[in-house]
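K.L.:
Model the structure of this input:
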Amino acid sequence: MPARAKSTVADVRRRPGRGMLAATVVAFAILISLGTWQVYRLQWKEALIAGIEARRHAAPLPIAELARQAAAGRDVDYVPVTLSGVFDNAHEQYFFATDDGKVGYYVYTPLDLADGRTVFVNRGFVPEDLRDPARRAEGQPAGAVTVTGLARARLSGKPSWVVPGNEPGKSLYFWKDLDAMAANAAVPSERLVPFFVDADATPNPGGWPKGGVTQIDLPNNHLNYALTWYGLAAALVVISVLAFRRKATDRAGSRKRSGR
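P.N.:
Okay, here's the model as predicted:
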């Protein structure tokens, strides 16, 4: 075979190895990038959880102070707050929920403050058969009350397409739409405090609603995800090294058999 033809054949044989090497480098870079991104997400999540823990264990703030902070753009989610006013029990709103395996509702009731503003308070859970306020009349205070709980940020929109749509006409909600609750309860927007308050576990008369239902559950699996991506990158390196060694061994054996 002419020397030029032999050179061409050798180049063709080398190209697959170069292509495999390039693909391996690209895949390795992608896996390392994904792992590093999860490390950044881990740091973000840990800072978020630490911030929430610091806020929710602080001393309760008066509602007026917390409202000023919210108006200034500060994150007030999970900040303890205390407030006094009169419940507008006739305009309860119901958020579909479960508690200890029971189906029912969180009762969101407008609390009219002395300064003319209104806060929607999540008073707690009632089972489905106690949605009717007449069946828990003892827990419907008519006079001034004081509530201590945690501020909860409003949602900017429906959290997911899989969440059912709200039914304000039935005072029934599957996601916490503050504007819809306010409109259904005839609360003008200029009077509305722009966040919810989850009442603490202080027992209500008659035991219902059952307060203290705030859920603080922020999954933090980013370390596992990072280790998974880095582990895949390490496995790719091992497999690639073994593959290239085998190819080199096969190539050397082929040369010996051809008498080179």
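K.L.:
Lowest-scoring secondary structure element of the chain by mean pLDDT?
P.N.:
Least confident helix or strand, the chain: helix 3-56 with a mean of 77, by mean pLDDT, DSSP states H and E.
K.L.:
For that helix, which helices and strands make contact with it?
P.N.:
Packing partners of helix 3-56 (3 or more CB pairs under 8 Å, 6 or more residues apart in numbering; DSSP states H and E): helix 222-258. Yep, even glycine has a C-beta here, placed from its N, CA and C like the rest.
K.L.:
mind listing what's buried in the helix it packs on?
P.N.:
If you call a residue buried by 16 or more other CB atoms under 10 Å, then helix 222-258 has these buried ones: 222, 225, 226, 229, 230, 232, 233, 236, 240.
K.L.:
And the pLDDT for the fifth one?
P.N.:
In this case it means residue 230. In this model, residue 230 is scored at 92, pLDDT.
K.L.:
Please tell me I have it right and it contacts residue 32.
P.N.:
Yes - the pair residue 230 / residue 32 is scored as a contact, 7.2 Å apart, by CB atoms under 8 Å.
K.L.:
how does the chain divide into domains?
P.N.:
Following automatic domain parsing, one gets these domains for the chain: 3-52+220-258, 79-207.
K.L.:
between the ones you listed, which one is nearest to residue 62?
P.N.:
Proximity to residue 62 (CB to CB) singles out domain 79-207 among those, at 6.3 Å.
K.L.:
Between the two ends of the closest one, how far is it?
P.N.:
25 Å (CA to CA, to the nearest Å).
K.L.:
just stretch 198-214 next, same as before
P.N.:
Criterion CA to CA; first-to-last residue distance in stretch 198-214 is 6 Å.
K.L.:
Tell me where the stretch 101-250 of the chain has strands.
P.N.:
Ranges of strands in the stretch 101-250 of the chain, per DSSP state E, counting those that start in this stretch, are 102-113, 118-127, 144-153, 172-173, 192-199.
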